[in-house]
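A.B. asks: below is the sequence, then the predicted model.
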Amino acid sequence: MIANFCNPIETVWNIVTDNTAYAWRSDVVRIEVSDDGNNFTEFTKGGFETKFTITLKNPYERYEFDMKNKNMNGHWTGIFSKDGSGTKIEFTEEIEVSNPIMNLFVKSYLKKQQETYVIDLRKSLGE
């Protein structure tokens, strides 16, 4: 998923990487963050939980984490770059699902998740 925003990179970065401020996310009802900030768990409206471990955090450039829930394991990468006075983001996910049948649906599910995330982020940024 690639998206462009009018806001400066610092603003976009701070919203995306602050796991304690999640009210702008329409798909999440709660996030629990570890004391050291390197691990967090997201809870969806349906009570589904996914655990995350931050593996790389280069401010205003790159943010990565591993993720795991009962259906999948994966890795997420976010690349941030300046685009004029705004920001360009590129989010990619590499996922392995535990049930082979889920392979039929995982790409469309991830695309929908990322689209929702970008829509929510735009609203949070006032764009």
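C.D. replies: Now that the structure is in, tell me what you want to look at.

A.B. asks: bridging residues for residue 76?
C.D. replies: In this entry, residue 76 is beta-bridged to residue 65, residue 93, by DSSP bridges.

A.B. asks: isn't it up against residue 90?
C.D. replies: No. Using Cβ atoms under 8 Å, residue 76 is not in contact with residue 90, being 11.5 Å away. For every residue, glycine as well, the C-beta is placed using N, CA and C.

A.B. asks: the closest residue to residue 27 other than its chain neighbours: what secondary structure?
C.D. replies: Distances taken as Cβ to Cβ, 6 or more residues apart in numbering place residue 116 nearest to residue 27, at 5.6 Å, with adjacent residues excluded. Put simply, residue 116 is helix when judged by DSSP: H, G, I helix; E, B strand; the rest coil.

A.B. asks: residues contacting residue 49?
C.D. replies: Shown in contact with residue 49 (Cβ atoms under 8 Å, 6 or more residues apart in numbering): 41, 42, 43, 69.

A.B. asks: and the pLDDT for residue 110?
C.D. replies: At residue 110, the pLDDT value in this model is 85.

A.B. asks: which strands and helices lie in contact with the strand or helix carrying residue 78?
C.D. replies: Using DSSP states H and E, residue 78 sits within strand 72-83. Counting contacts by 3 or more Cβ pairs under 8 Å, 6 or more residues apart in numbering; DSSP states H and E, strand 72-83 packs against helix 9-17, strand 62-68, strand 86-97.

A.B. asks: would you mind listing the buried residues in it?
C.D. replies: Buried residues in strand 72-83, counted by 16 or more other Cβ atoms under 10 Å: 72, 74, 76, 78, 80.
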